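**Q** Test case, fold it:
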Amino acid sequence: MNPKEYNIQYIRGVGEKRAQLFNKLGIYTVDDLVRFYPRKYQDWSKTTTVAEAENGDTVTIKATMITPVKEALIRKGLTLYKCNFTDGENVIHVTVFNNKYLAKSLRTFDDYILYGKIEKSFTGASMSSPQIEKSEASIGIHPIYHATEKLSSKAIAKVVAAALEMLPEFEETLSGDILERYNLCPRDFAIREIHFPTNEKNIAIARRRLIFEELLALQIGMLKLRSKKRAKNSFVIENDYTDEYLTLLPYSLTHAQKNAIADCVKDITGRESMNRLIQGDVGSGKTAVAAAVMYTVIKNGYQAAMMAPTEILATQHYETLSKLFKDTDIRIALLTGSTKAAEKKAIKKALLEGEIDLILGTHALIQGDVEFKNLALVVTDEQHRFGVEQRASLAKKAKDPHLMVMSATPIPRTLGLIIYGDLDISVLNEMPLGRQPIRTDLVTSEYHERIYNFIKKAVDGGNQAYIVCSLVDEGETELISAKEYAEKLSNTAFKGYNLALLHGKMKAKEKENAMLAFARGDVQILVSTTVVEVGVDVPNATIMLIENADRFGLSQLHQLRGRVGRGSDKSYCILVSDNNSESSQERLKMIKSTTDGFKLADYDLKTRGPGDFFGKRQHGLPNLVIADMLGDMETLRECQECANALLNDDPNLDKLPALVEEINDMFRRATN
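**A** From the prediction side, this is the model:
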């Protein structure tokens with residue numbers, strides 16, 4: 001039986017209908033199932049007595065049921081079932097809530113295993129909704145899986161057990177030498193013990209092995225991807241025009257910007273094509289770095305192209321660079337979906353004939369009929385908004401052009417080497433002189449009236465404001481949606497003001513128009529979801545109000561905050577949250593205390609994990625099932641060492657075919 005092809009529905013206890021529930025969890029085959037690891041465990045292995053148990057402890061007790069179940073209807077939809085058990089010396093009062101199936105299954109004088117929190121008082125010992133099992137076989141360590149309303153963790157565990165029972169020994173992917181050198185257990189042991197551990201120690205042993213294998217597969221895959229990208233430099237740049245470029249600027253660059261430019265110039269004058277990520281915090285000056293490299297490339301007789309995710313961002317770059325290069329002989333054009341047909345035709349002809357040196361645009365640049373005479377540099381802005389294939393499509397417009405991608409998402413450097421394994425990285429970790437500091441305040445919803453008055457005062461003085469909500473449509477939650485909120489504000493607090501709505505469900509053109517109206521100043525207040533997170537510069541916007549701020553990651557809040565403070569007026573970011581939990585308050589106080597995006601990224605990764613940090617995962621990046629790229633840094637370091645050693649000794653990994661298959665599967669799943 002091939003686990004990768006064996007459909008989940010044919011496992012004992014599944015069937016066609018239940019298979020659909022597993023499908024919702026991303027489980028289609030037996031291979032998917034055995035990779036669906038427990039999220040935590042319950043330790044039922046140590047039994048105790050009522051007398052030995054401390055008040056408030058979660059314990060496992062062997063007990064006999066001594067009274068019949070009594071049913072009590074408290075209110076509509078809530079039924080209590082009460083009965084008593086004894087451990088032979090003391091009585092335990094048990095209450096079960098709304099579980100008719102369990103209550104009906106209990107039999108007086110039968111023996112059971114109770115697992116739950118024990119509470120002691122002068123009336124005796126009690127347990128509220130404990131887990132109750134009939135068999136002593138339930139004593140041990142229980143896996144707890146991510147479940148759904150119709151598919152419980154217990155049901156998943158039964159199916160996993162049935163699958164493991166029918167599977168032969170899992171094929172080993174690593175050599176005996178690697179297992180010994182890195183103190184790893186065999187793969188078969190790891191998979192079986194991660195699901196049904198014999199003891200606590202084995203959980204750690206199994207986890208280490210599976211984490212190591214996953215990070216090793218990722219590291220090797222990214223290294224191989226990186227080596228494929230290392231093409232011979234087809235556009236060797238003879239002369240460096242950086243000093244000449246600096247004379248065009250009305251300001252001085254930071255040391256970080258100068259270093260990044262030097263990195264790029266070293267690349268484009270070297271033996272291999274440049275393949276570099278310019279990673280910088282909000283407002284760190286990535287565009288100025290890109291402009292410097294484009295200037296040098298163009299002055300050497302080649303063409304450059306810069307692709308942005310939206311028309312408004314592409315237009316902004318066009319206006320900025322047109323102004324910067326106005327006294328030079330550089331010929332610039334803009335190509336977007338809105339460019340008129342006749343103008344498009346003229347631009348495409350000029351590109352092919354080499355009459356345009358620098359083209360700015362959107363996805364329109366990757367259309368099949370867009371051709372260049374001598375394209376040598378491709379720049380992609382806000383790279384996380386583009387898929388790997390879209391980036392590659394623009395790069396295919398020339399034979400191995402130099403590639404630069406820019407990202408405003410701060411990521412710790414070690415982590416960045418994995419996320420962007422196919423790229424060299426330059427980090428902009430300084431802010432240009434003149435950037436306005438942004439005051440960040442944390443308040444509750446009780447302050448809304450004062451906040452609205454503050455916004456009105458700013459708008460009356462000629463400034464603009466963003467108001468960001470976490471939802472678009474009304475749902476089952478009490479959180480107000482952006483649409484409903486915008487309507488309410490238009491009719492109450494901001495009646496008579498020019499207010500517009502921007503959200504992800506709007507058509508692309510509608511979004512562009514709303515943002516453009518705000519950028520022009522036609523709209524004074526923009527109510528938006530997080531689609532405004534990456535956007536156009538509006539120097540006149542001085543207030544960023546974020547509702548239900550506790551629902552956002554710190555890195556996301558930091559990106560939103562970066563939308564203001566771009567002009568000469570003092571700017572404010574106001575975080576509204578009624579969540580008083582300690583963790584939530586700690587996170588929000590963190591963003592109030594620092595404007596360092598890298599510090600916030602570190603904190604977000606540690607407290608919320610990579611999933612929350614990145615939101616929707618990068619297109620083309622393998623999804624990690626068990627490893628934590630930040631928490632497992634030491635293992636990641638070992639895997640980097642191991643991957644380099646393996647590839648140096650055996651570049652095609654001919655000695656480890658099972659590992660090659662594992663790597664191929666990992667990257668195949670990422671693109672499906």
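**Q** Tell me the pLDDT of Val459.
**A** As predicted, Val459 sits at a pLDDT of 96.
**Q** Next, count neighbours for it.
**A** 19 (other C-beta atoms under 10 Å). The way it works is simple: take the backbone N, C-alpha and C, and place the C-beta from them, glycine included.
**Q** wait, doesn't it sit right on Ala465?
**A** Yes - with contact defined as C-beta atoms under 8 Å, Val459 counts as touching Ala465 (6.4 Å).
**Q** between those two, what contacts are shared?
**A** Contact criterion C-beta atoms under 8 Å, 6 or more residues apart in numbering; residues shared by Val459 and Ala465: 524-525.
**Q** Can you pull out the residues in contact with the strand ranked longest in the chain?
**A** Longest strand of the chain, by residue count under DSSP state E: strand 111-121. Contact partners of strand 111-121, identified using C-beta under 8 Å, 6+ apart, comprise 42, 44, 47, 50, 53, 55-65, 85, 92, 94, 106, 125-136, 138-139.
**Q** Equivalent analysis for stretch 515-523, please.
**A** 310, 312, 464, 498-500, 502, 514, 526, 532, 535-538, 540-541.
**Q** same thing but at 10 Å, please
**A** 310-313, 315-316, 462-466, 497-502, 514, 524-526, 528, 531-532, 535-541 (C-beta atoms under 10 Å, 6 or more residues apart in numbering).
**Q** List buried residues within those.
**A** 310-313, 315-316, 463-466, 497-502, 514, 524-526, 528, 531-532, 535-536, 538-541 (16 or more other C-beta atoms under 10 Å).
**Q** residues contacting Ala288?
**A** 245-246, 249, 251, 253-254, 257, 260-261, 320, 324, 428, 432.
**Q** and with 7 Å instead?
**A** 253, 257 (C-beta atoms under 7 Å, 6 or more residues apart in numbering).
**Q** Over to Asp281?
**A** Counting by C-beta under 7 Å, 6+ apart, Asp281 touches 408, 410, 428-429, 597.
**Q** JSON lines for those, including pLDDT and secondary structure?
**A** Output for the contacts of Asp281, formatted as JSON lines (pLDDT from 0 to 100; DSSP: H, G, I helix; E, B strand; the rest coil):
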{"residue": "Ala408", "pLDDT": "75", "secondary structure": "coil"}
{"residue": "Pro410", "pLDDT": "66", "secondary structure": "coil"}
{"residue": "Leu428", "pLDDT": "85", "secondary structure": "strand"}
{"residue": "Asn429", "pLDDT": "79", "secondary structure": "coil"}
{"residue": "Gly597", "pLDDT": "79", "secondary structure": "helix"}
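**Q** could you flag which of those residues are buried?
**A** Going by neighbour count (16+ other C-beta under 10 Å), the contacts of Asp281 have 408, 410, 428-429, 597 buried.
**Q** Report the two of the residues you listed separated the most.
**A** Of all pairs drawn from those, the widest gap by C-beta to C-beta lies between Ala408 and Asn429 and measures 12.7 Å.
**Q** hmm, which helix or strand of the protein has the shakiest average pLDDT?
**A** Of the helices and strands making up the chain, the lowest-confidence element is helix 413-419, at a mean of 58, by mean pLDDT, DSSP states H and E.
**Q** And the longest strand of the chain, what's buried?
**A** Counting neighbours by 16+ other C-beta under 10 Å, the buried set in strand 111-121 is 112-116, 118-120.
**Q** would you turn the residues you listed into a markdown table with distance to Thr173?
**A** Formatted as a markdown table, those follow (distance: C-beta to C-beta, whole Å):
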| residue | distance to Thr173 |
| --- | --- |
| Tyr112 | 42 |
| Ile113 | 38 |
| Leu114 | 42 |
| Tyr115 | 36 |
| Gly116 | 40 |
| Ile118 | 44 |
| Glu119 | 48 |
| Lys120 | 51 |
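**Q** and the gap between Gln257 and Leu246?
**A** Using C-beta to C-beta, to the nearest Å, Gln257 is found at 10 Å from Leu246.
**Q** higher neighbour count, these two?
**A** The neighbour count for Gln257 versus Leu246, taken as other C-beta under 10 Å, is higher for Gln257 (22 against 15).
**Q** hang on, isn't the more buried one packed against Thr287?
**A** No - using C-beta atoms under 7 Å, Gln257 is not in contact with Thr287; the gap is 10.2 Å.
**Q** Looks to me like Val523 is in a strand.
**A** No - with DSSP: H, G, I helix; E, B strand; the rest coil as the criterion, Val523 is located in coil rather than a strand.
**Q** and the contacts of strand 111-121, which are buried?
**A** Those of those that meet the buried threshold are 42, 44, 47, 50, 53, 59-63, 65, 85, 92, 94, 106, 125-127, 129-133, 139, by 16+ other C-beta under 10 Å.
**Q** Which members of the residues you listed are positioned in helices?
**A** In helices, defined here by DSSP state H, there are no members of the buried ones among the contacts of strand 111-121.
**Q** tell me the secondary structure for Pro68?
**A** Three-state assignment for Pro68 (three-state DSSP): coil.
**Q** Dihedrals phi and psi, Ile144?
**A** With angles defined as degrees, to the nearest 10, Ile144 sits at phi -120, psi 120.
**Q** In contact with it, which residues?
**A** Ile144 sits next to 38-42, 153 when contact means C-beta under 7 Å, 6+ apart.
**Q** go on, Gly56?
**A** 117, 119.
**Q** is it true that it lies in a strand?
**A** No - membership of Gly56 in a strand is not supported by three-state DSSP, which gives coil.
**Q** Point out where the stretch 551-672 of the chain drops to low pLDDT.
**A** 604-622, 629-631, 670-672 (pLDDT under 70).
**Q** so what does the one helix or strand Leu225 maps to touch, helix or strand wise?
**A** Secondary structure from DSSP states H and E places Leu225 in helix 200-229. With contacts taken as 3 or more C-beta pairs under 7 Å, 6 or more residues apart in numbering; DSSP states H and E, helix 200-229 sits against helix 187-195, helix 633-649, helix 657-671.
**Q** From the chain's centroid, how far away is that helix?
**A** Here the centre of helix 200-229 is set off from its chain's centre by 19 Å, with C-alpha atoms, centre = their mean, to the nearest Å.
**Q** Report the angle between that helix and helix 633-649.
**A** If you take axes from the mean of the first three to the mean of the last three C-alpha atoms, to 10 degrees, helix 200-229 sits at 50 degrees to helix 633-649.
**Q** May I see the buried residues of helix 200-229?
**A** 202-203, 205-224, 226, 229.
**Q** repeat for stretch 22-34
**A** 22, 25, 27-34.
**Q** Ala482 versus the spatially most distant residue from the centre of the chain, what's the distance?
**A** Computed with C-alpha atoms, centre = their mean, the residue of the chain farthest from its C-alpha average is Glu89, at 53.1 Å. Glu89 is 60 Å from Ala482, where distance means C-beta to C-beta.
**Q** got it, and Ser45?
**A** 50 Å.
**Q** When those two are compared, which one has more neighbours?
**A** Ala482 (25 against 14).
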